[in-house]
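Novice: Coordinates only, no sequence provided:
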């Protein structure tokens, strides 16, 4: 069964950096053919899509509030995706979810059919 697991969350001070990883396993089709995403859910708010990387890694997309601070990347040989987060702000706190969908382009992603990780907590606080 397809599975995604996130690593690297924790507590960081404002202005600090954190790198999340997402490792996939059990996919019937190699994960390299999936678009992969990071979502975030802050307390009392809806889950929001913050970054997406297409299967060929040529195209990436970011939520406006994270562009320039966050970088999404992937290593298809390792079946792993990353989110480098710099200049973190308290409003970046929340549960971060890794996700994957069998779509070539981020514009075609449908998470009703996609695979979700269990989520990992990120807290930005002094």
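Specialist: Nice, I can see it. What you are looking at is a predicted structure, and each value in this text was computed from that prediction instead of being measured.

Novice: quick check, distance from stretch 84-96 to the centre of its chain.
Specialist: For stretch 84-96, the separation from the chain centroid amounts to 12 Å (computed by Cα atoms, centre = their mean, to the nearest Å).

Novice: gap between the two ends of it?
Specialist: For stretch 84-96, the first-to-last residue distance is 12 Å (Cα to Cα, to the nearest Å).

Novice: before we move on, what about stretch 47-63?
Specialist: This stretch, stretch 47-63, spans 12 Å end to end (Cα to Cα).

Novice: can you pull the buried residues of it?
Specialist: Under the neighbour-count criterion of 16 or more other Cβ atoms under 10 Å, stretch 47-63 has 47, 49-55, 60-62 buried. No exception for glycine: its C-beta is placed from N, CA and C like everyone else's.

Novice: Can you give me the first-to-last residue distance of stretch 82-94?
Specialist: Length of stretch 82-94, first residue to last, Cα to Cα: 17 Å.

Novice: the strands in this protein, which residues?
Specialist: 3-7, 10-12, 18-25, 35-41, 48-53, 60-62, 70-75, 80-85, 94-101, 115-116, 120-124 (DSSP state E).

Novice: Nearest to residue 109, out of these?
Specialist: strand 94-101 (4.5 Å; Cβ to Cβ).

Novice: list the helices and strands the closest one packs on?
Specialist: Counting contacts by 3 or more Cβ pairs under 8 Å, 6 or more residues apart in numbering; DSSP states H and E, strand 94-101 packs against strand 3-7, strand 18-25, strand 35-41, strand 115-116, strand 120-124.

Novice: show me the contacts for the residue sitting nearest the centre point of the chain.
Specialist: Nearest to the geometric centre of the chain sits residue 38, at 2.2 Å (Cα atoms, centre = their mean). For residue 38, the contacting residues are 20, 22, 49-52, 72, 81, 83, 96-99, by Cβ atoms under 8 Å, 6 or more residues apart in numbering.

Novice: Perfect, I'm done here.
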